[in-house]
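Peer 1: This is a predicted model, with the sequence first.
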Amino acid sequence: MKKQPAGIIDAFEFVRLGKQAEGSVPLARMLRAVEGLPEQPDDASGEVHWQLRGLRGAMDEPLLELRVQASPVLICQRCMEPFAFPIDAEVLLQLVRNESELDDGGYDGRDDEDEEEDGEPGSGAAAPEKVVGSQRFDVLSQVEDELILNIPYVPRHEVCPGAAGQAGQEKSEPVKRPSPFAVLEKLKHKD
């Protein structure tokens, strides 16, 4: 039996056996995710950590629970300074056999009330995202997709580092400008 490359699994077998897997990969290797971003760190802070678990849903549908953690370096669009943006995302993926099942009902025959009562991961949340499973399912591609979905289009600090000091100065020293009417009054009596 041939050994599959790292990050490649037989998705349906993974679920059937209830397997779990985890790993790390340098963020810089996720080319689609880092396109247009500043250079990412080479140390542990520049790693993407992922965990994957195979399970069955309430209707016996095959599910993959994926958790992705990373801190990509982004550029704040307020102050234009780089900062690490923490990502800790979890997604529930429902495996389907082919692309035609992506849009139709597929395995999912339950309504929202059933989801809340069944106690499955993601209960009370939106239905799992459907993906085509295969014997050569690329986990790292799914990890990269999840990263891309969680990187903000317009990244910014909660509070920019320089803005905190500036905001404090503005409050303590209000700028007093003369009233435009007072200026006009002075011009009027200048004769």
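Peer 2: Received, thanks. Numbers count the residues shown, from 1 in each chain.
Peer 1: Going by C-alpha atoms from here, please, whenever you check contacts or count neighbours.
Peer 2: Noted.
Peer 1: what's Ser24 sitting at in phi/psi?
Peer 2: Torsion angles at Ser24 (phi, psi; degrees, to the nearest 10) stand at phi -140, psi 150.
Peer 1: Let me know how buried it is, in neighbour terms.
Peer 2: 15 (other CA atoms under 10 Å).
Peer 1: Gln142 now?
Peer 2: Applying other CA under 10 Å, we find 16 residues neighbouring Gln142.
Peer 1: Next SSE downstream of the helix or strand of the chain with the lowest mean pLDDT?
Peer 2: Using mean pLDDT, DSSP states H and E, helix 112-118 stands out as the lowest-scoring helix or strand of the chain, at a mean of 43. The helix or strand immediately downstream of helix 112-118 is strand 129-132, counting by DSSP states H and E.
Peer 1: Quick check: neighbours of that next one in the sheet, parallel or antiparallel?
Peer 2: Strand 129-132 sits in its sheet next to strand 87-96 (parallel), going by DSSP bridges.
Peer 1: What average pLDDT does the strand it pairs with get?
Peer 2: Mean pLDDT, strand 87-96: 96.
Peer 1: got any ranges where the protein has weak pLDDT?
Peer 2: Applying pLDDT under 70 to the chain flags residues 1-6, 104-126, 163-178, 180, 183-184, 190-191.
Peer 1: Provide a complete list of residue ranges assigned to helices in it.
Peer 2: In the chain, the helices defined using DSSP state H lie at 11-16, 31-34, 100-103, 112-118, 139-150, 161-172, 180-188.
Peer 1: and Leu37, what does it touch?
Peer 2: 73-75 (CA atoms under 8 Å, 6 or more residues apart in numbering).
Peer 1: Can you select the buried ones from these in PyMOL?
Peer 2: Buried residues among the contacts of Leu37 (16 or more other CA atoms under 10 Å), as a PyMOL selection:
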select buried, resi 73+74+75
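Peer 1: What count of nearby residues applies to Lys19?
Peer 2: Quick note: Lys19 (other CA under 10 Å) scores 14 neighbours.
Peer 1: Please name the nearest non-neighbouring residue to it.
Peer 2: Setting aside the residues directly before and after it, Lys19 is nearest to Gly54 in space (CA to CA, 6 or more residues apart in numbering), at 5.5 Å.
Peer 1: Right, I'll leave it there.
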